[in-house]
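> Have a look; sequence and predicted model below, questions after that.
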Amino acid sequence: MDDEPLEEWAERRELRRPARGERRATPLGDRPEHGAHVGPDAPRGIQEWDGHRWTPAGVAEDQAAAAAATGRDANARAERVPLPAFGKLPPMPEPWRPAQRFYRPRTPRQ
């Protein structure tokens, strides 16, 4: 097994972590894991990263107001996402083809 050095892992982790003071919007209600497109008129909670966890920072009336409150931070988050190198992608699998033709045996008629 190829183990990654701890320093490289820590560097990648720091790149993925939000910056202190960064904000995000989350839907309020029973199912906060829904995407932004679900219930665009529903209220959103604004959360701010304090360096260790997301803390409540306010409430927005709907998705448009939440996007206005967190817009610049959303672009910064998107730029931090590392894309895989082409050499690291797995090879494309071969298409499935049957090895030999199969014929159903005939049953004798009586």
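The structure has been received and is ready for your questions. Residues are numbered from 1 along each chain as shown.
> Spell out, range by range, the helices that occur in this protein.
6-16, 63-80 (DSSP state H).
> what residues are up against the most centrally placed residue in the chain?
In the chain, the centroid-proximal residue (CA atoms, centre = their mean) is Val81; its distance is 9.7 Å. If a contact means CB atoms under 8 Å, 6 or more residues apart in numbering, then Val81 has Arg16 as its contacts. Every C-beta, even on glycine, is put in place using the N, C-alpha and C of the backbone.
> In the protein, where is pLDDT below threshold?
The chain contains residues with pLDDT under 70 at 1, 32-33, 73-75, 82, 84-89, 110.
> How much space separates the residue nearest to the centre of the chain from Pro18?
12 Å (CB to CB, to the nearest Å).
> Repeat that for Arg109.
From Arg109 across to Pro18, the span is 75 Å (CB to CB).
> Which one of those two is surrounded by more residues?
Pro18 (18 against 4; other CB atoms under 10 Å).
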